[in-house]
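[1] predicted structure and sequence below. I'll ask about it afterward.
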Amino acid sequence: MKKPVEFSPRMNVIQFRVLFCRYMRQIITNPWTIIPLVLEAPFMLVIVSFVYKDNCFIDFGKGGLSAANTTLFLLALAPALMGLLNSYREICKEREILSREVFGGLDVTAYVVSKVAVLAIVGAVQTFILVFGSMIFIDYGFSRPSYSIFFFLVAIFLTNYAVTAMGLLVSALLKKSESAILPVLIIIIMQVVFAGSLLEFEEPVKYLYFITPAMYGNSVLGNVAGLNAFFTMREIFDYNVYASCVILLAIAFVCHVLTVIKLKRDYRTKD
């Protein structure tokens with residue numbers, strides 16, 4: 001006979017602390033996990049260095065503007081890819097353990113929030129490496145350095161955070177990590193094709209921009225770097241930076257809520 005599992009509307013803070021510490025310990029003590037996480041951002045910086053053209057952010061002439069646009073596109077794409085790779089297996093690989101723990105009293109909300117918190121910390125570290133690492137070989141020519149660096153950090157972190165949330169949702173929707181190949185591929189393609197930087201589309205295809213985190217991150221970076229200072233290169237670079245950041249947070253929040261709802265539906269009954 002199946003019995004309903006009762007879920008509290010409030011998160012169990014004690015369980016969150018235990019789960020957070022357990023998950024953090026798993027990452028730090030497992031070399032097969034921590035080493036790829038540490039190397040992801042430097043690898044992305046190497047890729048960015050291949051397309052960067054000296055002084056392209058200072059002199060937009062002779063292909064400089066195109067090189068600056070491509071450089072910022074890769075800086076926005078990198079955190080999106082890292083966030084997805086960090087998260088898309090996190091729940092589905094623990095399905096059997098999670099099932100036993102939920103029926104033993106585990107708070108699903110605390111479980112999801114612990115994943116979110118740890119992955120956000122990982123994303124923050126990768127963001128600092130990307131931003132300050134890129135400044136080693138890129139002269140952005142910021143007219144307002146403090147303002148510009150702050151929004152570079154915020155945009156790259158929130159792009160990572162939003163796509164991480166998408167990856168967790170995909171992981172919650174699937175039973176096995178092998179089944180994630182298609183949805184992960186779709187999300188990656190969306191970050192490239194609908195970033196609004198390399199390719200531009202007309203309506204109604206253009207509406208897909210607005211559900212693509214990399215577009216918002218790219219928009220903030222292009223706005224701060226002044227790529228539309230002399231003429232409108234891309235419409236997205238004129239979007240409001242504050243609105244773009246808020247929308248990235250909203251995308252992440254919606255994905256987190258849907259992840260919790262999906263897991264609670266999966267484990268609402270037990271034999």
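    Cool, got the structure.
[2] got the contact list for stretch 224-237?
    Applying C-beta atoms under 8 Å, 6 or more residues apart in numbering, the external contacts of stretch 224-237 come out as 57, 60, 65, 68-69, 72, 140, 142-143, 147-148, 151-152, 155, 196-197, 200, 209, 215, 218-219, 222-223, 238, 241. C-beta: built from backbone N, CA, C; applies to glycine.
[3] quick one: pLDDT of the most centrally placed residue in the chain?
    In the chain, the centroid-proximal residue (C-alpha atoms, centre = their mean) is Asn160; its distance is 2.2 Å. For Asn160, the pLDDT comes out at 98.
[4] confirm that it sits in a helix.
    Yes: read with DSSP: H, G, I helix; E, B strand; the rest coil, Asn160 is one of the residues of a helix.
[5] is it true that it touches Gln126?
    Yes: using C-beta atoms under 8 Å, Asn160 makes contact with Gln126 at a distance of 6.6 Å.
[6] between those two, what contacts are shared?
    Pro79, Met82.
[7] what pLDDT does the model give Gly63?
    77.
[8] for it, list the residues it contacts.
    Lys53, Cys56.
[9] same thing with Phe16?
    Asp107, Ala110, Val113, Ser114, Ala117.
[10] emit the ChimeraX select command for whichever of those are buried.
    If you want just the buried ones from the contacts of Phe16 in ChimeraX, going by 16 or more other C-beta atoms under 10 Å, the selection is:
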select :107,110,113,114
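[11] would you check how far apart Pro204 and Thr212 are?
    14 Å (C-beta to C-beta, to the nearest Å).
[12] so between the two, which is more surrounded?
    Thr212 (23 against 7; other C-beta atoms under 10 Å).
[13] please report phi then psi for the more buried one.
    phi -110, psi 110 (degrees, to the nearest 10).
[14] gap between the residue nearest to it when sequence neighbours are not counted and Ala76?
    Counting by C-beta to C-beta, 6 or more residues apart in numbering, Phe194 is the residue found nearest to Thr212 once chain neighbours are left out, at 4.3 Å. Per C-beta to C-beta, Phe194 is found 12 Å from Ala76.
[15] for Leu248, same thing?
    11 Å.
[16] what's the overlap in contacts for those two?
    In contact with both Leu248 and Ala76: Ala155, Thr159, Gly217, using C-beta under 8 Å, 6+ apart.
[17] quick one: the strands in the stretch 101-250 of the chain?
    With strands called from DSSP state E, counting those that start in this stretch, the stretch 101-250 of the chain shows none.
[18] quick one, what contacts Val48?
    Thr71, Leu74, Leu75, Ala78, Ser134, Ile138.
[19] hmm, 6 Å instead?
    By C-beta atoms under 6 Å, 6 or more residues apart in numbering, the contact list for Val48 reads Leu74.
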